[in-house]
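# the amino acid sequence is not available; the structure is as follows:
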């Protein structure tokens, strides 16, 4: 059964193609894989380039205690869409047969990539708390090759205001390292801010 993804990864892939990101050194990293629908799309796209997709997630929807403006818990939203399914099993089903997916079943604050690991593209859609968004950005940005890009999902989305606060602060703090800023409006009108490294 195909697994739905809620971002609009086709737009991310189109951006990667336009910027020729796969011509750069480094792999792909995705923080917040959810049910793996987007992971599978990224992995299929980058496979011919010999690149891996590192997918980071706890695969326990109950752990995201972020509360939206209306008081709704992010974990409750995830569980509603899972409709009783195991998040990890849905992810495994979506990514089955893709030998270039490296799954890191961890809290992103505990992830330690091997020395020398580099990325040409990263995507952040994990825990929506400000401290997590900042951590996840740094985890990627410090390993991002020049000309590479990182996308941050849920920008200016009323339900998760901490994401917007975090992204605005990161843009200000790293202004001298950012070559371009793009805003992609994906599924359900939700914006992904993409920062391209100088």
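Structure received. The structure displayed is predicted, hence computed values, not measured ones.

# tell me where the chain has helices.
9-18, 37-46, 74-82, 87-95, 130-141, 161-173 (DSSP state H).

# mind listing what's buried along the third one?
Looking back up the chat, that one is helix 74-82. Residues 74, 75, 78 are the ones in helix 74-82 that count as buried (16 or more other C-beta atoms under 10 Å). No exception for glycine: its C-beta is placed from N, CA and C like everyone else's.

# comparing the helices of the chain, which yields the minimum mean pLDDT?
Per-stretch mean pLDDT for those is lowest at helix 74-82 (a mean of 92).

# what residues does it touch?
For helix 74-82, contacts defined as C-beta atoms under 8 Å, 6 or more residues apart in numbering pick out 4, 6, 34-35, 61-68, 87, 90, 127-128, 160.

# and the residues you listed, which of them are buried?
Buried among the contacts of helix 74-82 by 16+ other C-beta under 10 Å: 6, 34-35, 61, 64, 66-68, 87, 90, 127-128, 160.

# hang on, the earlier thing: please narrow the contacts of helix 74-82 to those residing in strands.
With DSSP state E as the criterion, strands contain none of those.

# how about the buried ones among the contacts of helix 74-82, which pair is most distant?
67 and 90 (24.2 Å; C-beta to C-beta).

# hang on, the earlier thing: make a markdown table out of the buried ones among the contacts of helix 74-82 and add distance to residue 193.
As requested, those are exported to a markdown table (distance: C-beta to C-beta, whole Å):
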| residue | distance to residue 193 |
| --- | --- |
| 6 | 17 |
| 34 | 19 |
| 35 | 23 |
| 61 | 24 |
| 64 | 20 |
| 66 | 18 |
| 67 | 22 |
| 68 | 19 |
| 87 | 26 |
| 90 | 27 |
| 127 | 17 |
| 128 | 14 |
| 160 | 13 |
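
# residue 187 is nearest to which of the helices of the chain?
helix 9-18 (8.6 Å).

# distance from that closest one to the middle of the chain?
13 Å (C-alpha atoms, centre = their mean, to the nearest Å).

# any buried residues in that helix, and which?
9, 11, 12, 13, 15, 16.

# and stretch 74-92, how far out from the chain middle?
17 Å.

# start and end of it, how far apart?
22 Å (C-alpha to C-alpha, to the nearest Å).

# swap in stretch 53-64?
First residue to last in stretch 53-64 (C-alpha to C-alpha) measures 23 Å.

# and the buried ones among the contacts of helix 74-82, which is the shakiest by pLDDT?
Confidence-wise, residue 6 trails the rest of the buried ones among the contacts of helix 74-82, at 71.

# grab the nearest non-local neighbour of that one.
residue 187 (5.9 Å; C-beta to C-beta, 6 or more residues apart in numbering).

# what number of residues lie near the one you found?
13 (other C-beta atoms under 10 Å).

# quick check: it touching residue 9?
No - the criterion here is C-beta atoms under 8 Å, and residue 187 misses it with residue 9 at 9.2 Å.

# in the chain, which strand is the longest?
strand 144-155.

# what strands flank that one, and is each parallel or antiparallel?
Strand pairing for strand 144-155, determined by DSSP bridges: strand 119-124 (parallel), strand 191-197 (antiparallel).
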